[in-house]
Structures are given as C-alpha cells and as structure tokens.
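K.L.:
Output the structure for:
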Amino acid sequence: MLTLTPTELASCRTLIELALAEDLGSTGDRTSEALIPLERQGRAAFVVRTPGVVAGLPLAQLVCEAVASSIQFEQKIIDGTLVERGSILAIASGPLRPILIAERTALNFLQRLSGVASLTSKYVDAVAGTNAKVLDTRKTTPGWRLLEKYGVRAGGGTNHRIGLYDGILIKDNHLAGLGDPETAVRRAVALARSFPGNQGLPVQIEVDTLEQLDQALSVKPEIVLLDNMPLEKLREAVKRRDAVSPTTLLEASGGINLTTIRGIAEAGVDRISVGAITHSAPALDIALDYVGQASRPVIE
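P.N.:
Modelled structure (predicted):
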C-alpha cells in the first residue's frame, strides 16, 4: 500500500502551514466569516471532473485537520487508484466555515499530485511489457520535490535520487571540469568511488557518445545515463553493455515523450528518466461540492 514516508509527512506539514498562511493572511476568510454562521454544519464531497489517477488524499486530510480538528474526513478510495469522471474521493463533514477555509488549499495539493500521478501512469502504461522502469528527475517544483515524487509513485513510477545528497550522478559539466576528455570518464568514476563521502552509493555517469560509453563500461559503473541518444545508438549501447559489463544498468534520458518512450524501452534500456512527469504535469480537475447539512447522506 502506498504511504507517505516520515520525511514526506514532515514536508507535507511544512507546505500546508505555508499554504494556509498564504491564503488566510492576517485576517482570515472574510467571506465565510461574513456569510456562514459559526455553528452551521455541512458536508462536502471531493469529486473528480476528469478521469485520472488520484494522489494526495492524505494531504487533503492533513489540510482539514490543520484548519479544524472538528472536520471529519472520510476517504473513499486510496491514492494510486484510477478513477472516472464523477468519482467521489472523500467526504468532509463538520463545521462548514472551516471546510470552506480548507477547500482551496486541499484541492491545490490534491489536483497537483493527482496530475503528476496521472501523467506518470500514462508513461508507465506506454512501456508495459518491457523491462524498462519509468523514473522521475530533479526537475520539480521548488519545495514540492518530495510530494511530487510521492505522486510519481502513486502513478506507478520509480523515484530517482531525491537530491544531490543521496546519489552520485556524474554529468557533462562535471566531466568538463575535470579537463582532458580522453581520461575524464574513467577518472570521474575512480574519484567517485574513492570519495570518503560515497558511503556505498551506486556510481552513475552520463555519456552522450558511444565512445564515452566504452570508456565508462571499462570501469563498470553501476549505472550509465545515455543522454539524448537516438534509437540506433541506444540499441548499440545495449549490445556493448551486454558484452562488456552486463551488470551495469542503462538509463535513457533527454527529450522523451509519450510518442517516443515505447521505442526507447524496446531498445533494451533498463531505466527511462522523464522530467515531464513532474515539470509538465497538468493538474487533474477535482472539485469540492457542497452536499448539504452534515446529517444528509451522500449519493455515491
């Protein structure tokens, strides 16, 4: 079952606090205070307007709890579920004024993460039947990385490294900084492995030519990132890997979309990293619909 890690949960609480402060300012919800009696009770349903994969329901509940502990949040499905238009995701009941205060912030989290999960699911479906895994990248909304990576998992994707601190990925600018392109690849892998701060992390190196790949395979890194290689070069890269260092994983990256990803997966790579699943995911259309007094049943 998909769950938030303790670190993700802490990030949620921080972002929720910031989001509510942004929405309420120093004076609170003037509209609800003007129109809704403090004692008024109500029920509202989170309803999907377009099909997709849901993610973020625990966050919506945390938002409601942060606004008022008296809000009852009844989750109807779990994150990672594919839903159709009109599906009820959860019911919030209790004092109506706090429900209205929580509405937009809860929907912002729910719509954004469901959008990430829905787009990820499309990429995962596109490579079904191959050995390739769909991974995310660090191309995330500042401050939202952990949550967006949670959304990727909800959509069936796999998380890449979280940040610069929990993985070693040698990229083109690192190689350029070492100088001498004839030896940079081998030197970079050796330096990464001997670095005291490595702590047993797998070493991954980015290459953009088959010549660089040959250099990398000679020192057998755990992962080689094949950057923006056309299909014929990807196929050749797989052949060379199989012959020289079969335990090295190959990851394709760069300009990948739903039209091209199937062919890339069929070329034989093990991993495909797609920045679009986080940086270009459209929000899933979800609304909060008032359904009446707290005692009124909801037709599902």
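K.L.:
to the chain's geometric centre, what's the distance from stretch 91-101?
P.N.:
29 Å (Cα atoms, centre = their mean, to the nearest Å).
K.L.:
what does it rub up against?
P.N.:
23-24, 28-29, 32-33, 36, 38-46, 64, 67-68, 70-74, 76, 102, 288, 291, 294, 298 (Cβ atoms under 8 Å, 6 or more residues apart in numbering). From N, CA and C alone the C-beta is placed, and that goes for glycine too.
K.L.:
Tally up the residues packed near the nearest residue to D227 once chain neighbours are set aside, please.
P.N.:
Once flanking residues are discounted, D227 sits nearest to D208: 4.5 Å by Cβ to Cβ, 6 or more residues apart in numbering. Residues lying near D208 (other Cβ atoms under 10 Å) number 16.
K.L.:
D208 and L225 touch, don't they?
P.N.:
No: using Cβ atoms under 8 Å, D208 is not in contact with L225; the gap is 9.2 Å.
K.L.:
Next up, the contacts around A216.
P.N.:
Per Cβ under 8 Å, 6+ apart, neighbours of A216: 185-186, 189, 205, 207, 224, 248.
K.L.:
so of these, which ones are in strands?
P.N.:
Judged by DSSP state E, the subset of those located in strands is 205, 207, 224.
K.L.:
residues in contact with the first one?
P.N.:
I205 sits next to 169-170, 185, 188-189, 216, 221, 223-225 when contact means Cβ under 8 Å, 6+ apart.
K.L.:
Per-residue pLDDT of the closest residue to it other than its chain neighbours, please?
P.N.:
With sequence-adjacent residues excluded and distances taken as Cβ to Cβ, 6+ apart, I205 is closest to I170, at 4.2 Å. The model reports I170 with a pLDDT of 97.
K.L.:
Please compute how far stretch 14-31 lies from its chain's middle.
P.N.:
25 Å.
K.L.:
could you pull out the helices for the stretch 151-300 of the chain?
P.N.:
Counting by DSSP state H, counting those that start in this stretch, one finds helices in the stretch 151-300 of the chain at the ranges 172-178, 184-194, 210-218, 231-244, 261-266, 276-279.
K.L.:
Would you mind giving the ones you listed as CSV with distance to S93 added?
P.N.:
Below are those laid out as CSV (distance: least, Cβ to Cβ, whole Å):
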stretch, distance to S93
helix 172-178, 53
helix 184-194, 54
helix 210-218, 58
helix 231-244, 53
helix 261-266, 43
helix 276-279, 33
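K.L.:
Mean neighbour count, these: which tops it?
P.N.:
helix 276-279 (a mean of 22; mean count of other Cβ atoms under 10 Å).
K.L.:
same for that one, what does it pack against?
P.N.:
Helices and strands touching helix 276-279, by 3 or more Cβ pairs under 8 Å, 6 or more residues apart in numbering; DSSP states H and E, are helix 96-126, helix 145-154.
K.L.:
will you turn those into CSV that also has distance to G197, mean pLDDT and mean neighbour count?
P.N.:
CSV is the format used below for those (distance: least, Cβ to Cβ, whole Å; pLDDT from 0 to 100; neighbours: other Cβ atoms under 10 Å):
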stretch, distance to G197, mean pLDDT, mean neighbour count
helix 96-126, 31, 98, 24
helix 145-154, 21, 98, 25
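K.L.:
want to throw those into CSV with distance to F195?
P.N.:
Compiled in CSV, those are given as follows (distance: least, Cβ to Cβ, whole Å):
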stretch, distance to F195
helix 96-126, 32
helix 145-154, 24
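K.L.:
Compare those helices and report which one is nearest to A283.
P.N.:
Closest to A283 of the helices and strands packed on helix 276-279, according to Cβ to Cβ: helix 96-126, at 4.0 Å.
K.L.:
Beta-bridge partners for V224, please?
P.N.:
I205, L250 (DSSP bridges).
K.L.:
Report the spatially nearest residue to T137, omitting neighbours in sequence.
P.N.:
T137's closest residue in space is G275 (Cβ to Cβ, 6+ apart), at 4.4 Å.
K.L.:
in this structure, what spans have low per-residue confidence?
P.N.:
294-300 (pLDDT under 70).
K.L.:
do that again at 90, thanks
P.N.:
1, 179-182, 196-200, 292-300 (pLDDT under 90).
K.L.:
can you list the domains in it?
P.N.:
Structural domains annotated on the chain: 6-116+282-292, 124-279, as defined by automatic domain parsing.
K.L.:
Straight-line length of the last one, end to end?
P.N.:
From the first residue to the last, domain 124-279 extends over 17 Å; the measure is Cα to Cα, to the nearest Å.
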